[in-house]
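Visitor: Predicted coordinates and the sequence they were generated for:
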Amino acid sequence: MQLIDTHTHLDFPDFDADRTPLLARSRALGVERMVVLGVDQRHWQRVWDLVQTDPHLYAAFGLHPVYLNEHRPEHLTELRAWLTRLDGHAQLCAVGEIGLDYFLPQLDRDAQQRLFEGQLQLAADFNLPALLHVRRSHAQVIATLKRFKLKRGGIIHAFAGSREEAREYIKLGFKLGVGGAATWPQALRLRKVLTDLPLEALVLETDAPDMAPAMFPHQRNSPVHLPNICQALAEVLNISPEQLADATTANACALFNWAR
């Protein structure tokens, strides 16, 4: 069974003590490729240094909305410089993690929107997918994406929206990232939405070290858990884990233009 973890933060200090053996265990379990997302300007180099140690790790760079107050106007210029320098590199796969977060009241929405649009423009300019953080902001994100019409779409990370919102994203060329949240029995609404969606719309993710699945509560999440997540989600969808692994791997490869 071959799997792709489309959303990790393996560069975080949570993994400093055991990153190399963890990657080896993940590969032994079938997790062949992993995307590592940068969240702020200070850590883009850390992400890039990590992915350069392993040809099956891929980097995305962005300015995450949760860290809005740490971002500076010049960081958007620096992001363009990074994308220019790495344009065409096989291990640069997306712009992300970017988006809108309306859950945290202290984050200025207008400033978030300006930053989001600036980064969507970069995704358009460099013909890259966008990996999106969307929290209580689906309507605004969908409206914004309709204006930008990204040719390569992207992924809605940790999708937890409605059936109607899912369909809007799919029409815009986006895949829906699913992971630990949907493995919890109390996630009834999300599970019901997932059963109504085409397999062609889904990709798997961990969000490691966060969003641990139900079978590993209160633990550090990691790509090692992705096979268990796949198993649990396959049960929700009433298909075999092999079917889900094959479909989501194909979907991720198509999105990122990777050979299978």
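Guide: Received it, and whenever you're ready, just let me know what you need.

Visitor: any idea where the helices of the stretch 1-150 of the chain begin and end?
Guide: 19-28, 44-51, 73-86, 109-125, 138-148 (DSSP state H, counting those that start in this stretch).

Visitor: Report the angle between the shortest one and helix 19-28.
Guide: This points to helix 44-51. Helix 44-51 and helix 19-28 are oriented at 50 degrees to each other (axes from the mean of the first three to the mean of the last three C-alpha atoms, to 10 degrees).

Visitor: Quick one: list the elements packing against helix 44-51.
Guide: Helices and strands touching helix 44-51, by 3 or more C-beta pairs under 8 Å, 6 or more residues apart in numbering; DSSP states H and E, are strand 31-37, strand 57-61, helix 73-86. Glycine gets a C-beta too; all of them are placed from N, C-alpha and C.

Visitor: Enumerate the positions of stretch 175-191 that are buried.
Guide: For stretch 175-191, a neighbour-count test (16 or more other C-beta atoms under 10 Å) marks 175-184, 187, 190-191 as buried.

Visitor: residue ranges with poor pLDDT in this protein?
Guide: By pLDDT under 70, the chain contains no weakly predicted segment.

Visitor: export the helices and strands packed on helix 44-51 to JSON lines and tack on distance to Ala17 and mean neighbour count?
Guide: Formatted as JSON lines, these follow (distance: least, C-beta to C-beta, whole Å; neighbours: other C-beta atoms under 10 Å):
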{"stretch": "strand 31-37", "distance to Ala17": "17", "mean neighbour count": "24"}
{"stretch": "strand 57-61", "distance to Ala17": "18", "mean neighbour count": "25"}
{"stretch": "helix 73-86", "distance to Ala17": "28", "mean neighbour count": "14"}
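
Visitor: among these, which is nearest Ala234?
Guide: Closest approach to Ala234 among the helices and strands packed on helix 44-51 (C-beta to C-beta): strand 31-37, 15.6 Å.

Visitor: And for Tyr102, the neighbour number?
Guide: 17 (other C-beta atoms under 10 Å).

Visitor: between the helices of the stretch 1-150 of the chain, which one is nearest to Leu237?
Guide: Closest among the helices of the stretch 1-150 of the chain, using C-beta to C-beta: helix 138-148, at 22.0 Å.

Visitor: contact partners of the closest one?
Guide: 99-100, 102, 113, 116-117, 120-121, 123-124, 132, 134, 161-162, 165, 168-169, 172, 174 (C-beta atoms under 8 Å, 6 or more residues apart in numbering).

Visitor: go again using 6 Å as the cut-off
Guide: Leu100, Leu120, Val134, Gly161, Glu165, Glu168, Leu172 (C-beta atoms under 6 Å, 6 or more residues apart in numbering).

Visitor: which of those count as buried?
Guide: Leu100, Leu120, Val134, Gly161, Glu165, Glu168, Leu172.

Visitor: ok, the nearest residue in space to the fifth one that is not next to it in sequence - how many residues close by?
Guide: Yep, that's Glu165 we're talking about. Excluding its sequence neighbours, the residue lying closest to Glu165 (C-beta to C-beta, 6 or more residues apart in numbering) is His138, at 4.6 Å. His138 has 21 neighbours, counted by other C-beta under 10 Å.

Visitor: Phe159 versus His138, what's the distance?
Guide: Noted for His138: a distance of 9 Å to Phe159, by C-beta to C-beta, to the nearest Å.

Visitor: other SSEs contacting the longest strand seen in the chain?
Guide: The residue-count maximum for a strand in the chain (DSSP state E) belongs to strand 92-101. Packing partners of strand 92-101 (3 or more C-beta pairs under 6 Å, 6 or more residues apart in numbering; DSSP states H and E): strand 57-61, helix 109-125, strand 130-135.
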